[in-house]
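Trainee: my questions are about this predicted structure, shown below with the sequence.
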Amino acid sequence: MLIQLDRDELMTVGQETISTGEWESMPKSNAGDIPVDARELIALCAPRLTFISYGIPEKDDARWLDQKGSYMATVAAQPVFRLLGATDLGVPDDYLTAEMPPVNHGLLDGPLAWRQHDGGHTDAPLRTGSAVP
C-alpha cells in the first residue's frame, strides 16, 4: 500500500495512477476516514529506522506534497522514538514552531531522520559530493 503524507493535518492513502503506471490506482481517502494522522503513522515506526525525504517542487517534486507539514509530523513523532530508547531528530518537540532545516541539510543522526534534497522526485541515493552530511 502506498502511503503518502499530505497537507499539515493527516495522511491520505493512494494517489491517482501516474503516467508510467508504476503505482496501482487507489481512491483518495478523506483525511477524516483514516483513524491515525501522519505523526501517529511515523510514531508507529519507532524505534525502527524511519527516513522521511522530499525533493523540491522547482525540480519536479510533486507540487501537492506538503514538505512543511511532513516535517511537523516528524517532529511531533519524536517523543515516541525517545520513549522507546531511540535517538530523535535533535530538535525541540514543538512542531508548531519547528523550523525546517535548509534544503540539503539532513537531520540524519538517528533512526528517525529527515532530509529535503535539491532534486526532484527520486528514490536514488545521494550524489557523491552532496552537501548533505
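Mentor: Looks like it came in fine.
Trainee: so residue 106 touches residue 100, yeah?
Mentor: No. Using CB atoms under 8 Å as the test, residue 106 is too far from residue 100 to be in contact (11.6 Å). For glycine as for every other residue, the C-beta is placed from the backbone atoms N, C-alpha and C.
Trainee: assess the claim that residue 59 and residue 116 are in contact.
Mentor: No. If you go by CB under 8 Å, residue 59 and residue 116 don't touch, sitting 11.1 Å apart.
Trainee: the more surrounded of the two?
Mentor: Neighbours per residue, other CB atoms under 10 Å: of residue 59 and residue 116, the larger number sits with residue 116, 23 against 12.
Trainee: what residues does stretch 90-103 touch?
Mentor: For stretch 90-103, the surrounding residues in contact (CB atoms under 8 Å, 6 or more residues apart in numbering) are 39, 56, 67-68, 71-73, 75-76, 78-79, 107, 109-110, 114, 116-118.
Trainee: just the buried subset of the residues you listed, written out for PyMOL, thanks.
Mentor: PyMOL command restricting the contacts of stretch 90-103 to the buried ones, with burial defined by 16 or more other CB atoms under 10 Å:
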select buried, resi 39+56+67+71+72+73+75+76+78+107+110+114+116+117+118
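Trainee: in strands, which of the contacts of stretch 90-103 fall?
Mentor: Secondary structure from DSSP state E places 114, 116 of the contacts of stretch 90-103 in strands.
Trainee: show me what contacts the nearest residue to residue 82 once chain neighbours are set aside?
Mentor: Nearest residue to residue 82 in three dimensions, chain neighbours excluded: residue 88, at 5.5 Å (CB to CB, 6 or more residues apart in numbering). For residue 88, the contact set (CB under 8 Å, 6+ apart) comprises 78-79, 81-82, 110, 112.
Trainee: give me that answer again for 6 Å
Mentor: Residues in contact with residue 88 (CB atoms under 6 Å, 6 or more residues apart in numbering) are 78, 81-82, 112.
Trainee: and those, which two are furthest apart?
Mentor: Farthest-apart pair in these is 82 and 112; separation 9.3 Å (CB to CB).
Trainee: ok, those two, which is more surrounded?
Mentor: residue 112 (29 against 15).
Trainee: measure that one to residue 49 for me?
Mentor: The gap separating residue 112 from residue 49 is 8 Å, by CB to CB, to the nearest Å.
Trainee: lovely, talk soon.
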